[in-house]
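Visitor: Just a sequence and a predicted model for now, questions to come.
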Amino acid sequence: MARMGGSRHFKALSAPPVQRVPRKVRPWTVKPSPGPHPADRSLPLLLIIRDVLKYAEAAREATKIIASGQVKVDGRVVRDYKFPVGVMDIVEFPSLGAYYRVLPDPTGTLKLAQISKEEASLKLLRVEGVTTLKGGHFQMHLSDGRNLLVKVQDPTKPGQLPYRPLDSLLIAVPSGEVKAYVEFKEGNLALVVWGRNMGRYGKIMSVTRGWGWERSVVTLQDSSGNTFETSLSNIYVVGTEKPLVTIA
């Protein structure tokens, strides 16, 4: 695993595998800024514009595009060319009418799937944890680093929170309003976002619990009837009968 501390940039040879940079063409690559996604699981905005979408030929050109406010991530203008963009983030170019969702690619990196303007206002996030606040209300910790306050009708009564860790919330961006949610349970559809089966999705057939998410195993079945396994920590629930958002 690449060392993340210290330097403000990466040598191409030691860059995280998710970047997939041409190591012999450029000796250095961009190190993502601290943000909503870890450096080894995100792409800096500059690489997305120059190397993935190829909207620019050089780093200087890509930096100018970003600095001019022509790029939005999750509905907000981002001017930091090192901003880390990760799974399920929405990248948009309003002046071009182009909208993309960041998704896992079977090659081990991240890809951008083009989506409609309407879908660009929705983002699917996994519930990473729940904290009970003073007064009995709840704070949801989501997979892109944001926290969502959930107020219940009667804080003195247990069992009122409709969401649990590993459930997925469909939220509006940038407001954060919850539009729908999908429960993590057998029979629902899940997308593998990391690991050997990265980019595959299917129906959850069974869950074998271990010590924590990393050591718990999920068995899924794809549309062809093939079964495969992955760690519980690697999946996002994406729907019941069909995915709530574009996932391929």
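Guide: It's in. Please read these numbers as outputs of a predicted model, since none were measured by experiment.

Visitor: Now the residue of the chain most remote from its centre: closest residue in space that isn't a chain neighbour?
Guide: Going by C-alpha atoms, centre = their mean, the residue of the chain most distant from its centre is residue 156, 34.3 Å out. Leaving aside its chain neighbours, residue 156 sits nearest to residue 136 (6.3 Å; criterion: C-beta to C-beta, 6 or more residues apart in numbering). Glycine gets a C-beta too; all of them are placed from N, C-alpha and C.

Visitor: and the nearest residue in space to residue 97 that is not next to it in sequence, backbone torsions?
Guide: Distance criterion C-beta to C-beta, 6+ apart; nearest residue to residue 97, sequence neighbours excluded, is residue 117 at 7.3 Å. Backbone torsions of residue 117, given as degrees, to the nearest 10, read phi -60, psi -40.

Visitor: Mind telling me what element the residue nearest the centre of the chain is part of?
Guide: Of all residues in the chain, the one closest to the mean position by C-alpha atoms, centre = their mean is residue 87, 2.1 Å from it. Using DSSP states H and E, residue 87 sits within no helix or strand.

Visitor: how much space between residue 178 and residue 140?
Guide: Distance of residue 178 to residue 140, computed by C-beta to C-beta, to the nearest Å: 9 Å.

Visitor: where do the contact lists of these two overlap?
Guide: By C-beta atoms under 8 Å, 6 or more residues apart in numbering, residue 178 and residue 140 have these common neighbours: 148, 169.

Visitor: Which one of the two is surrounded by more residues?
Guide: Between residue 178 and residue 140, residue 140 has the larger neighbour count (other C-beta atoms under 10 Å), namely 22 against 16.

Visitor: List the contacts of the more buried one.
Guide: Residue 140 touches 127, 129, 130, 147, 148, 149, 150, 163, 169, counting by C-beta under 8 Å, 6+ apart.
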